[in-house]
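Student: this one's structure only:
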Ligand code: TMP
């Protein structure tokens, strides 16, 4: 694989992921890097179709196995078509969410056995993991109040407080288990302070 690095951005809903994604892209480009921004679920035409299946509100209830397998189906396609080729060409790839989201939403939120997620992770990704994961974290009420200001809400945004609390705790557990890779960024501070924390993590990665 080339010299590109893989950065993922994670966190609950309404914590400024999109704003900070653009900020990271601009910061890396200003440092002379070629950057590819992508997202999960999605990132390729087929994976974006899977995203629609996953996020659409529907009357039929979705089995948790279906949801989990669709997440990894989209991821397999995304890795093969976008992430691996871009890294091989020396690009830096930033993904709005990746497998930590599966541990958080399907593992934490839906309470699926974590060992099943680990097995799928190994099957789909082998030992491939992000070089850096930035986890935007804040108490649930902060993100939920910002989320309510949005008009459109998807199948996940329909969930209630306890679901998002489980998601948050599962994210924090992932961070505890992977302290070298996952950096927790306090999202309950000014945007300037959030971005200065992000810059310090990016600078450490650039020095590696
Ligand atoms: P987004 O709102 O950040 O674009 O992400 C779409 C939704 O998909 C979000 O509610 C989190 C959810 N999701 C999972 O449940 N599992 C996953 O593995 C990923 C990548 C996203």
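Tutor: Perfect, thanks for sending it. Quick caveat, the model's predicted, so the values are computed rather than measured.

Student: quick one, what contacts the residue nearest to residue 50 when sequence neighbours are not counted?
Tutor: Using CB to CB, 6 or more residues apart in numbering and skipping the chain neighbours, the partner closest in space to residue 50 is residue 74 (4.1 Å). C-beta coordinates here come from the backbone N, C-alpha and C atoms, glycine included. Going by CB atoms under 8 Å, 6 or more residues apart in numbering, residue 74 touches 40, 41, 42, 43, 46, 47, 50, 51, 54.

Student: which ones among those residues map onto helices?
Tutor: 46, 47, 50, 51, 54 (DSSP state H).

Student: give me the number of neighbouring residues for residue 196.
Tutor: 11 (other CB atoms under 10 Å).

Student: if I've got this straight, it is in a helix?
Tutor: Yes - judged by DSSP: H, G, I helix; E, B strand; the rest coil, residue 196 forms part of a helix.

Student: can you tell me how far it sits from the ligand?
Tutor: 23 Å (CB to the nearest ligand atom, to the nearest Å).

Student: cool, and residue 183?
Tutor: Using CB to the nearest ligand atom, residue 183 is found at 18 Å from the ligand.

Student: list the helices and strands the host helix or strand of that residue packs on?
Tutor: According to DSSP states H and E, residue 183 maps onto strand 182-186. Counting contacts by 3 or more CB pairs under 8 Å, 6 or more residues apart in numbering; DSSP states H and E, strand 182-186 is packed against strand 132-137, helix 161-177, helix 191-207.

Student: contacts for the first one, please.
Tutor: Counting by CB under 8 Å, 6+ apart, the neighbours of strand 132-137 from elsewhere in the structure are 5-12, 15-17, 20, 24, 98, 100, 168, 171-172, 174-175, 178, 181-187, 194, 198, 201-202, 205.
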